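[1] no sequence for this one, just the structure:
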Ligand SMILES: Nc1ncnc2c1ncn2[C@@H]1O[C@H](COP(=O)(O)OP(=O)(O)O)[C@@H](O)[C@H]1O
Ligand SMILES: [Mg+2]
């Protein structure tokens, strides 16, 4: 069964059309990379899939495991296992890392999770991502470096175990060591039951997370699809060389 299918999608934000006839199929178990110039509509696509209310679906459909999700609220989509890691994670003063992640885990599972069980898993994931435990009681993202924010996006992903992960420029602002840790975190989640869309500008992420396919967006839709050779030609000739 195809996990995520985007069909002829047109999306507008603030009255401006950002996606136009965008189609993409990510079968269950596959990781697809999406590349494209700044302002091409990559984050808008991720937001539209997650259900952000500012991104209005004008035409087309988004199917998850065969059913349309466009009429579902963002939290209903999250409960289906759709997870979006933000390009610019929000700072939440007064909301601790532990409380924020616990609320998300409980919303996802619809069940109370015992504190013992929760902290055991949280510490396990934090250790895996080389995050100091003192972060547990800090306000979410407040005063975090760019790289730390990205690491916490992956921490949420490890805790939530999504079936569809949308990662928006998870590699921006990461040094080489942090990039490896984030990639290892992601790779530990790869499975036949999870599909993922990796939005990135850089080949270096795709050395660590090898995608099953690569797509380039231009003019609001996919202009080229291929494998890693497409990334190499982009790095040589820029986006114009592939027709954006
Ligand atoms: N919330 C928003 N309000 C107004 N304009 C937006 C908003 N989100 C995106 N846009 C506009 O839509 C276009 C696509 O943006 P975006 O999806 O962020 O591109 P990308 O992620 O590919 O760089 C840009 O022109 C951007 O300014
Ligand atoms: Mg973006």
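    Alright, I've got the coordinates. Model, not experiment: these values are computed from the prediction. Numbers count the residues shown, from 1 in each chain. Ligands and ions are numbered 1, 2, ... in the order given.
[2] Tell me which stretches of this protein form helices.
    Using DSSP state H, the helices of the chain run over 42-50, 74-80, 97-109, 115-128, 146-160, 176-189, 203-208, 228-237.
[3] If it's not too much trouble, I'd like those exported to JSON lines so that mean neighbour count sit alongside each entry.
    For glycine as for every other residue, the C-beta is placed from the backbone atoms N, C-alpha and C. Formatted as JSON lines, the helices of the chain follow (neighbours: other Cβ atoms under 10 Å):
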{"stretch": "helix 42-50", "mean neighbour count": "23"}
{"stretch": "helix 74-80", "mean neighbour count": "15"}
{"stretch": "helix 97-109", "mean neighbour count": "16"}
{"stretch": "helix 115-128", "mean neighbour count": "14"}
{"stretch": "helix 146-160", "mean neighbour count": "21"}
{"stretch": "helix 176-189", "mean neighbour count": "17"}
{"stretch": "helix 203-208", "mean neighbour count": "16"}
{"stretch": "helix 228-237", "mean neighbour count": "14"}
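[4] Any stretches of this structure with poor pLDDT?
    Residues of the chain meeting the criterion pLDDT under 70: 1-2.
[5] Around ligand 2, pick out the residues from it.
    42, 43, 87 (Cβ under 5 Å from the ion).
[6] overlap between those residues and the residues near ligand 1?
    42, 43 (Cβ under 6 Å from any ligand atom).
[7] re the thing from before, just put the helices of the chain in a markdown table and tack on distance to residue 14.
    Shown next, in a markdown table, are the helices of the chain (distance: least, Cβ to Cβ, whole Å):
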| stretch | distance to residue 14 |
| --- | --- |
| helix 42-50 | 11 |
| helix 74-80 | 18 |
| helix 97-109 | 28 |
| helix 115-128 | 37 |
| helix 146-160 | 25 |
| helix 176-189 | 31 |
| helix 203-208 | 30 |
| helix 228-237 | 29 |
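[8] Now residue 233. Nearest residue, chain neighbours left out?
    Once flanking residues are discounted, residue 233 sits nearest to residue 241: 6.0 Å by Cβ to Cβ, 6 or more residues apart in numbering.
[9] coming back round to it: of the residues of the chain next to ligand 2, which is the nearest to ligand 2?
    residue 43 (3.2 Å; Cβ to the ion).
[10] Distance of that closest one relative to residue 172?
    Distance, residue 43 to residue 172, by Cβ to Cβ, to the nearest Å: 12 Å.
[11] cool, and residue 76?
    29 Å.
[12] And residue 5, by the same measure?
    27 Å.
[13] what's the overlap in contacts for residue 43 and residue 172?
    residue 87 (Cβ atoms under 8 Å, 6 or more residues apart in numbering).
[14] If residue 198 is in a bridge, with which residues?
    In this entry, residue 198 is beta-bridged to residue 33, residue 167, by DSSP bridges.
[15] give the contact list for it.
    Per Cβ under 8 Å, 6+ apart, neighbours of residue 198: 31, 32, 33, 34, 167, 170, 205, 206, 209, 211.
[16] I'd say the third one and residue 213 touch.
    Spelled out, it's residue 33. Yes - the pair residue 33 and residue 213 passes the contact test of Cβ atoms under 8 Å, sitting 7.4 Å apart.
[17] Those two: who's more crowded?
    Legend: neighbour count by other Cβ atoms under 10 Å for residue 33 and residue 213, higher for residue 33 (25 against 18).
[18] Spit out the contact partners of that one.
    Counting by Cβ under 8 Å, 6+ apart, residue 33 has contacts 197, 198, 199, 200, 206, 211, 213, 214, 215, 231.
[19] Make CSV out of those residues and add distance to ligand 1.
    Compiled in CSV, the contacts of residue 33 are given as follows (distance: Cβ to the nearest ligand atom, whole Å):
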residue, distance to ligand 1
197, 12
198, 13
199, 7
200, 11
206, 17
211, 17
213, 18
214, 15
215, 12
231, 16
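[20] Done for today, thanks.
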